[in-house]
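Peer 1: Coordinates for the following, if possible.
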Amino acid sequence: MSQGSLDSKGASCGNKVIYDRFHDYPMLRGGTMRDQEEQSLKEAKRVEKRAAKEAERLAKEQVRKKAYLAREQAIEEAQKERGAKHSEKRASEEIDQLARDQARRESYLAREKAIAEAQEARRLKAKKQPPE
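Peer 2: Residues are numbered from 1 along each chain as shown. Purely as a prediction, here's the structure:
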């Protein structure tokens, strides 16, 4: 781009090139009050939009947190329920085991008694019979 081609816009100095590069940035080229107002409105909209997104993000995070806590609570309650069932089952099995142990002891004592009686009967029988 030569200096001569800039004459079509009415300026031929080096500053014109800089001005053309920043024509989209009114504040850099000494913008008007209207440009500043537009810029302020745009900035206000951006801030408002950012605040709305932040509020939305916080709401979603809160919903996720509530769901997580609800899941954790459900898991905890299920574990408590399983623990209670397990304790109940263990208590029932313990009662059954005690009953089996008692029956085993009684059976053992009955066998021992029968053996002792049989031995005593043989001893008495042996005593009554004269030696040969």
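Peer 1: Packing partners of the helix or strand harbouring E94?
Peer 2: E94 belongs to helix 33-128 when assigned by DSSP states H and E. Using 3 or more Cβ pairs under 8 Å, 6 or more residues apart in numbering; DSSP states H and E, no helix or strand is in contact with helix 33-128. For the C-beta atoms, the positions are set from N, CA and C on the backbone; glycine is no exception.
Peer 1: Quick one: neighbours of E38, just the number.
Peer 2: By other Cβ atoms under 10 Å, the residues close to E38 number 13.
Peer 1: same check, this time on D35
Peer 2: Residue crowding around D35 was assessed by other Cβ under 10 Å; the count is 14.
Peer 1: now R46: how far from S40?
Peer 2: Separation of R46 from S40 (Cβ to Cβ, to the nearest Å) stands at 11 Å.
Peer 1: ah, wrong one, I meant S92
Peer 2: Distance from S92 to S40, by Cβ to Cβ: 77 Å.
Peer 1: repeat for A91
Peer 2: Counting by Cβ to Cβ, the gap from A91 to S40 is 75 Å.
Peer 1: per-residue pLDDT, A11?
Peer 2: What the model reports for A11 is a pLDDT of 47.
Peer 1: residues making contact with stretch 109-122?
Peer 2: Around stretch 109-122, nothing counts as a contact under Cβ atoms under 8 Å, 6 or more residues apart in numbering.
Peer 1: just how off-centre is that stretch within its chain?
Peer 2: Distance of stretch 109-122 from the chain centroid (Cα atoms, centre = their mean, to the nearest Å) equals 67 Å.
Peer 1: would you put the C-alpha positions of it in CSV?
Peer 2: C-alpha atoms of stretch 109-122 as CSV (Å, rounded to 0.1, in the frame of the first residue of the first chain):
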residue,chain,number,x,y,z
LEU,A,109,-24.1,-87.7,77.5
ALA,A,110,-26.8,-90.2,76.6
ARG,A,111,-24.2,-92.4,74.8
GLU,A,112,-21.8,-92.1,77.7
LYS,A,113,-24.5,-93.1,80.1
ALA,A,114,-25.5,-96.1,77.9
ILE,A,115,-21.8,-97.2,77.7
ALA,A,116,-21.4,-96.8,81.4
GLU,A,117,-24.6,-98.8,82.1
ALA,A,118,-23.5,-101.5,79.6
GLN,A,119,-20.1,-101.8,81.3
GLU,A,120,-21.8,-101.9,84.8
ALA,A,121,-24.1,-104.7,83.5
ARG,A,122,-21.2,-106.7,82.2
